[in-house]
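# What would the 3D arrangement of this be:
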Amino acid sequence: MGSRILVINPGSTSTKVAVFNDEKVCFDAEVSHPRESIDKFSNVLEQKEFRSTAIMELIKDEVAKGTPDMVVGRGGLLKPIPGGPYSINDAMLSDLESERYGAHPCNLGAMIARELAEKWGVPSMIMDPVVTDEMEPLTKITGLPEIKRRSVFHALSQRGAARSVAAKMGLVYEDSKFIVTHMGGGISIGAHRFGKIVDVVNGLDGEGPFTPERSGTLPVLPVIELLESGKYTFAELKKAVTSGCGLLGLTGTNDLRRIEARMDEGDDETKLIFDALIYNIAKHICSYIPALMRGDATRKPVDAVILTGGMARSKRLVTEIEDLVGFIAPVQVVTGLEEMEVMGRGGLAVLRGEMQPQEYKA
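Below is the predicted model of the structure:
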């Protein structure tokens, strides 16, 4: 029997789990968390027991077949660090639990992984956390001296999708150029240039297109005026723009399938909002062309525009984005377990001694 690896990936509105036997996926499942269930909790940390219980219910039959040899959780909001595997240690948990670098359900990945691993007496780790930082210095500069941009994005999904497409196209990832867009509850876009992700749309900080439940980029002065008006406290406005806006705020649902069903029924207002979503995603994809041209005297063309994440399952959305950005490069779509597979492969490599997990230091 090979090495069994449990992978845990909490997202904004769902939790994914998978069990690998060496490289083979022997179990995968996803539990959706309705907005009304999530809204019962005042903060992310309070969701831990709720999500942990859901995970144990999903994997109980798998655990009965044999406990995992490793538990891998999705990396959360930590300080900027290089990519790769990290052991889940007390310093990491302290930063996640205190939300020192921000709040997001992905913070729960390491917490739940460590808890289950200790229960079974096995090691736990994270892989390529969302704070993987390979951005060039000039990309972090803003016009306000007190604020610098930071690298927070779907590192696992993006790098996994890019490597998958590179292999499919007969390319070497480290010699290629890709614009990768992860489209889920949040949207991030990355410029992958010769093996490094040199600039990213950080949706968590409010950058980029609006998403199923985030506002995306907003005009600054109206936001300041809205806060000053007293309609929202700071905490209320922060929660609204990160989890109560986008499609959810505009249409009352964050479910793209329901959006498309309304459009099929002739709902013109919903169609306009869907078209705005397409336009905004395409606009921000195109804005990353300069990041791929910098530092390349050969002006090698972009090899592919890659779409991944849950929304990439929508043929209508993909077709309309492709119509707007296909002039850049061929559009490739990657759906499925990419994030889970990257974490699973990372855990297996550590168990085999092919990679050494790094130690996180606060």
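# So which residues of the stretch 1-150 of the chain form strands?
4-10, 14-21, 24-32, 70-74, 85-87, 124-127 (DSSP state E, counting those that start in this stretch).
# Tell me the strands beside the fourth one, with direction?
Looking back up the chat, that one is strand 70-74. strand 4-10 (parallel), strand 124-127 (parallel) (DSSP bridges).
# what is the rounded mean pLDDT of it?
Taken as a whole, strand 70-74 has an average pLDDT of 96.
# Same question for stretch 107-126.
pLDDT averaged over stretch 107-126 gives 96.
# Just the C-alphas of it, formatted as PDB.
Output in PDB follows, covering the C-alpha atoms of stretch 107-126 (Å, rounded to 0.1, in the frame of the first residue of the first chain):
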ATOM      1  CA  ASN A 107      -6.400  30.300   7.000                       C
ATOM      2  CA  LEU A 108      -8.400  27.300   8.400                       C
ATOM      3  CA  GLY A 109      -6.500  24.900   6.100                       C
ATOM      4  CA  ALA A 110      -3.400  24.700   8.300                       C
ATOM      5  CA  MET A 111      -5.400  24.800  11.500                       C
ATOM      6  CA  ILE A 112      -7.600  21.900  10.600                       C
ATOM      7  CA  ALA A 113      -4.700  19.900   9.000                       C
ATOM      8  CA  ARG A 114      -2.600  20.300  12.200                       C
ATOM      9  CA  GLU A 115      -5.500  19.200  14.400                       C
ATOM     10  CA  LEU A 116      -6.200  16.100  12.400                       C
ATOM     11  CA  ALA A 117      -2.500  15.200  11.900                       C
ATOM     12  CA  GLU A 118      -2.000  15.400  15.700                       C
ATOM     13  CA  LYS A 119      -5.000  13.100  16.200                       C
ATOM     14  CA  TRP A 120      -3.400  10.500  14.000                       C
ATOM     15  CA  GLY A 121       0.200  11.100  14.900                       C
ATOM     16  CA  VAL A 122       1.400  12.100  11.400                       C
ATOM     17  CA  PRO A 123       3.100  15.200  10.000                       C
ATOM     18  CA  SER A 124       1.200  18.100   8.500                       C
ATOM     19  CA  MET A 125       2.300  20.800   6.100                       C
ATOM     20  CA  ILE A 126       1.100  23.500   3.700                       C
END
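# So which residues make contact with it?
Stretch 107-126 is touched from outside by 6, 8-10, 44-45, 47-48, 51-52, 55, 67-77, 85-88, 92-93, 96-97, 99, 346-347, 350, 357, with contacts defined as C-beta atoms under 8 Å, 6 or more residues apart in numbering. Yep, even glycine has a C-beta here, placed from its N, CA and C like the rest.
# residue ranges with poor pLDDT in this protein?
Residue ranges of the chain with pLDDT under 70: 1, 337.
# now the helices for it?
In the chain, the helices defined using DSSP state H lie at 35-38, 48-65, 90-97, 107-120, 155-168, 220-228, 234-243, 246-251, 256-264, 268-286, 289-293, 315-325, 338-351.
# Distance from the fourth one to the middle of the chain?
This points to helix 107-120. Mean-position distance between helix 107-120 and its chain equals 19 Å (C-alpha atoms, centre = their mean, to the nearest Å).
# One more: the longest one?
Centroid displacement of helix 268-286 relative to its chain, using C-alpha atoms, centre = their mean, is 20 Å.
# didn't G190 look like it was pressed against N202?
No: assessed by C-beta atoms under 8 Å, G190 is found out of contact with N202, at 10.1 Å.
# Quick check: closest non-adjacent residue to A291.
Take A291 and drop its neighbours on the chain: the residue closest to it by C-beta to C-beta, 6 or more residues apart in numbering is A191, 3.6 Å away.
# and if you look at S14?
That would be S32: by C-beta to C-beta, 6+ apart, it lies 4.9 Å from S14.
# Can you report how many residues neighbour that neighbour?
S32 is flanked by 11 other residues according to other C-beta atoms under 10 Å.
# Quick check, it in contact with T13.
Yes: under the criterion of C-beta under 8 Å, S32 is in contact with T13, at a separation of 6.4 Å.
# before we move on, back to that, please identify the most buried of the strands paired with strand 70-74.
Among these, the stretch with the highest mean neighbour count (mean count of other C-beta atoms under 10 Å) is strand 124-127, at a mean of 29.
# Please state the offset of that one from the chain centre?
Worked out by C-alpha atoms, centre = their mean, strand 124-127 lies 16 Å from the chain centre.
# quick revisit: quick check: which of the helices of the chain is nearest to F210?
Counting by C-beta to C-beta, F210 lies closest to helix 246-251 out of these; the figure is 4.3 Å.
# where's that closest one relative to the chain centroid, distance-wise?
20 Å.
# Tell me which other helices or strands that helix touches.
helix 256-264, helix 268-286 (3 or more C-beta pairs under 8 Å, 6 or more residues apart in numbering; DSSP states H and E).
# for the helices of the chain, which one sits closest to P129?
That would be helix 155-168 among the helices of the chain, by C-beta to C-beta, at 6.6 Å.
# Quick check: buried residues in that closest one?
Of all the residues in helix 155-168, those buried under the rule 16 or more other C-beta atoms under 10 Å are A155, L156, S157, Q158, R159, G160, A161, A162, R163, S164, V165, A166.
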